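Novice: Sequence and predicted model, in that order:
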Amino acid sequence: MAKRLRSGFTTGSCAAAAAKAAALMLCGENPPATVEIPFPDGSRKIFHVDSTRYNSDGSFEAYIIKDAGDDPDVTNGAEIGARADLNNPDPANCVEIDGLYLCGGSGVGKVTKPGLAVRAGEPAINPVPRKMITAAVREAVPKGRVTITIIVPKGAELVEKTLNYRLGVVGGISILGTTGIVRPVSADAWTATIKASMDVAKEAGLKDIVISTGRTSEKGAQKLLDLEEEAFAMMGDYLEFSLLEAAKHDFTTIHLSGMWAKIVKAALRVPQTHVRNGALEMIDAARLLKELGANGKVLEKIEKSNTAREMYKHLEEAGRSEIITAVCHKAREYAEDVSGRKVKVYLVDHKARILAHV
């Protein structure tokens, strides 16, 4: 029997736990051995506090050792800490959230380019971790001003193993996470699930198969297509594998549904769309968009873009929907070349709306 993979915690949830522990000490409590914090899904999790310290400036620090479970990344085992104090924050590296000043400390990156989830000039602490940190700290300090500085002691070393430099995040790692939980999925588990889904669809007598990169893109396709539930197979990042498997299963039509960055990768003929296997090179994406007709000022903006999302925004603002459609056509050409089958492509946004289909 296959081993069940163990979930872990994100840098964002570890930062929130450390922040609450430091805030509790700021309020006069003894250094806690454990701390419990709320998660975005309404659950609560307990963290072991690895170390604490009191500083001569009146601040308190607490550190959590990140456990990423069975899907470890470069930050697995890293110290993620927080300092709590009542001192005046440095406005150059802090954001204010309802009276709580959240700052990027040593080892936490700073955003320098547009196109990311937080604005240029701010610490690289993403929106969900910001909410988690605020909620956790407010359990210890319900109201009033408090300054929380997130610290990653080896962040400057760890960032060298990431793609932050491409994104314009400098000086340290990003504090990330959308749920607080790292859910591991092995490659074998993914491909076995894709194959099993197609087995079920074939046994149901279906001629069409819908392969989606994620739940949002799947929802978008479900809204548009009147197909049985068995026709939908989540493929994650395994694009080429899924196309070949669909051909083996002899489906007549393959429906490929994905969000912009994934569709651009398909148009660039990247077979495995996870960032660690096929990082979307902005230069390649810009070249593709130029080949498809981007020119003038919009091309200048695209070539300076930091992310695929930013490129899409420039095309949309310039009213160049024909280029967006052309990217979908390129993605379809690749999918048909790989599978030898008829393919339809659906571009979906973050609200599961279909933006284009070809």
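Specialist: Right, received. Where do you want to start? Small disclaimer: the values here were computed from a predicted structure and weren't measured. Numbering: from 1, shown residues only.

Novice: switch to C-alpha atoms for all contacts and neighbour counts from now on
Specialist: OK.

Novice: Pull out the buried residues from stretch 333-347.
Specialist: Neighbour-count burial for stretch 333-347, with 16 or more other CA atoms under 10 Å as criterion, is recorded at 333-336, 338-339, 341-347.

Novice: Next up, the contacts around the nearest residue in space to residue 321 that is not next to it in sequence.
Specialist: Distances taken as CA to CA, 6 or more residues apart in numbering place residue 315 nearest to residue 321, at 6.9 Å, with adjacent residues excluded. Contacts for residue 315 were tallied using CA atoms under 8 Å, 6 or more residues apart in numbering; they are 298, 321, 323-324.

Novice: pLDDT score for residue 315?
Specialist: Looking at residue 315, its pLDDT is 96.

Novice: For residue 322, see how far away it is.
Specialist: Going from residue 315 to residue 322 by CA to CA, to the nearest Å gives 9 Å.

Novice: Find residues that contact each of the two.
Specialist: By CA under 8 Å, 6+ apart, no residue touches both residue 315 and residue 322.

Novice: which SSE is residue 14 in?
Specialist: Per DSSP states H and E: residue 14 is located in helix 11-26.

Novice: what packs against that helix?
Specialist: Applying 3 or more CA pairs under 8 Å, 6 or more residues apart in numbering; DSSP states H and E, one finds that helix 11-26 contacts strand 34-38, strand 60-65, strand 79-85, helix 127-140, strand 146-151.

Novice: tell me the mean pLDDT over that helix?
Specialist: pLDDT averaged over helix 11-26 gives 97.

Novice: before we move on, what about stretch 210-225?
Specialist: 88.

Novice: any idea how far the closest residue to residue 178 other than its chain neighbours is from residue 47?
Specialist: Spatially, and ignoring its direct neighbours in sequence, residue 178 is nearest to residue 128 (5.6 Å; CA to CA, 6+ apart). Counting by CA to CA, the separation of residue 128 from residue 47 is 18 Å.

Novice: Also residue 105?
Specialist: Taken as CA to CA, the span from residue 105 to residue 47 is 21 Å.

Novice: Looking at these two, which is more packed in?
Specialist: residue 105 (23 against 19; other CA atoms under 10 Å).

Novice: Verify the contact between that one and residue 151 for me.
Specialist: Yes - the pair residue 105 / residue 151 is scored as a contact, 4.9 Å apart, by CA atoms under 8 Å.
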